[in-house]
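Chemist: Here you go, sequence then predicted model.
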Amino acid sequence: MLKFQYLWVDRYCIDQLDEEDKYHRIQQMGIIYANAVATIIAAAGDDPEYGLPGVNGTLRKLQPQVRIRGHLLASTLPHPNVSVNRSTWNTRAWTFQESIPSKRRILFTDDQVLFECNSMHCTESQSSILEELHDKYDKSRFKVDALCSALKWKTPTLDPSHIIHFLAEFSKKELSYPADAINAMRGIFQMFSKSAIPVYHLEGVPLLPVKPYGSLKKYSFFKGLSWYHQESWKLPSRVFVLVLGRVGWMLRR
């Protein structure tokens with residue numbers, strides 16, 4: 001119905017039994033998402049068998065409502081950010097890189113369909129003139145409405161230090177195999193390496209450029225180790241053990 005010719009699905013487009021093909025495709029994930037017309041995000045259910053709510057018989061959650069004296073009273077739907085944050089999709093490390101490089105995101109939740117790009121966001125339940133929601137008409141309005149956004153992070157600016165925010169967020173995600181940590185972040189690392197002021201990494205530790213930026217770029221390995229969380233929460237230490245363990249091994253060499 002969207003009239004797109006191609007559909008990319010990781011589960012089927014990457015040969016999980018061919019290690020060489022799998023490695024090659026993982027290196028391209030950032031490019032794949034960045035060049036997609038839109039990314040469909042299944043922010044509902046715990047596995048692929050759940051389906052997309054509202055499509056092919058997969059039901060959505062009922063919206064509480066009651067009719068009193070000829071008036072229909074209906075409960076508001078959950079905040080888009082709440083719906084996405086509570087989803088299994090949001091807890092998985094491998095899906096973290098799906099939405100960030102993407103230009104447009106179509107999110108299916110148990111309540112409604114959401115649309116977000118880097119300049120606007122809208123919900124299925126709210127009837128609005130889409131052009132008026134775009135920041136090309138009023139950039140300040142988009143900033144004010146950012147609290148209504150379902151996604152905390154979108155495509156980052158060119159500031160190299162922003163990679164620290166993504167590393168902090170990624171460290172909270174769940175991985176079935178700790179050894180996959182760097183591969184699960186590879187799309188985001190690739191995105192930062194191609195920015196105007198590129199940021200590279202060494203086994204997951206960002207090599208941050210030293211200011212002021214000039215024609216001769218200097219990078220600091222230890223600056224990439226000095227980031228910290230601004231809020232307190234329980235961190236999955238396996239990610240840090242993996243990264244720092246490799247770093248320690250390289251330093252001993």
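Modeler: Arrived safely, thanks for sending. This is a predicted model, so every value here is computed, not measured.
Chemist: so who does the residue found closest to residue 54 once you drop the neighbours it is linked to in the chain touch?
Modeler: Take residue 54 and drop its neighbours on the chain: the residue closest to it by CB to CB, 6 or more residues apart in numbering is residue 60, 5.5 Å away. Just so you know, the C-beta spots here come from the backbone N, C-alpha and C atoms, and that holds for glycine as well. The contact partners of residue 60, by CB atoms under 8 Å, 6 or more residues apart in numbering, come to 53, 54, 110, 111, 112.
Chemist: which of the residues you listed are buried?
Modeler: Among the contacts of residue 60, those scoring as buried are 53, 54, 110, 111, 112 (criterion: 16 or more other CB atoms under 10 Å).
Chemist: Now do the second one against residue 125, distance only.
Modeler: What it means is residue 54. 12 Å (CB to CB, to the nearest Å).
Chemist: same question, the last one
Modeler: Separation of residue 112 from residue 125 (CB to CB) stands at 5 Å.
Chemist: what is in contact with those two at once?
Modeler: Shared contacts of residue 112 and residue 125 (CB under 8 Å, 6+ apart): residue 77.
Chemist: Among the buried ones among the contacts of residue 60, which one sits closest to residue 81?
Modeler: Here the nearest of those to residue 81, counting by CB to CB, is residue 111; it sits at 12.3 Å.
Chemist: Now the closest one. Nearest residue, chain neighbours left out?
Modeler: Using CB to CB, 6+ apart, the nearest residue to residue 111 is residue 77, at 4.7 Å.
Chemist: Run through the stretch 101-250 of the chain and note the low-pLDDT ranges.
Modeler: 129-148, 156-158, 211-219, 227-250 (pLDDT under 70).
Chemist: please redo it, this time with the cut-off set to 90
Modeler: Across the stretch 101-250 of the chain, the ranges flagged by pLDDT under 90 are 101-103, 116-172, 174-250.
Chemist: all helices in it, in order from the N-terminus.
Modeler: 130-133, 139-144, 163-170, 181-193, 237-252 (DSSP state H, counting those that start in this stretch).
Chemist: what are the bridge partners for the residue nearest to residue 123 when sequence neighbours are not counted, then?
Modeler: Once flanking residues are discounted, residue 123 sits nearest to residue 114: 5.5 Å by CB to CB, 6+ apart. Taking DSSP bridges as the rule, residue 114 bridges to residue 107, residue 123.
Chemist: For residue 114, grab the count of nearby residues.
Modeler: Residue 114 sits with 25 neighbouring residues when counted by other CB atoms under 10 Å.
Chemist: name the element residue 12 belongs to?
Modeler: Using DSSP states H and E, the element containing residue 12 is helix 10-13.
Chemist: Which strands or helices does that helix pack on?
Modeler: Contacting helix 10-13 under the criterion 3 or more CB pairs under 8 Å, 6 or more residues apart in numbering; DSSP states H and E is no other helix or strand.
Chemist: quick one: contacts of it?
Modeler: With contact meaning CB under 8 Å, 6+ apart, helix 10-13 is reached by 25, 48.
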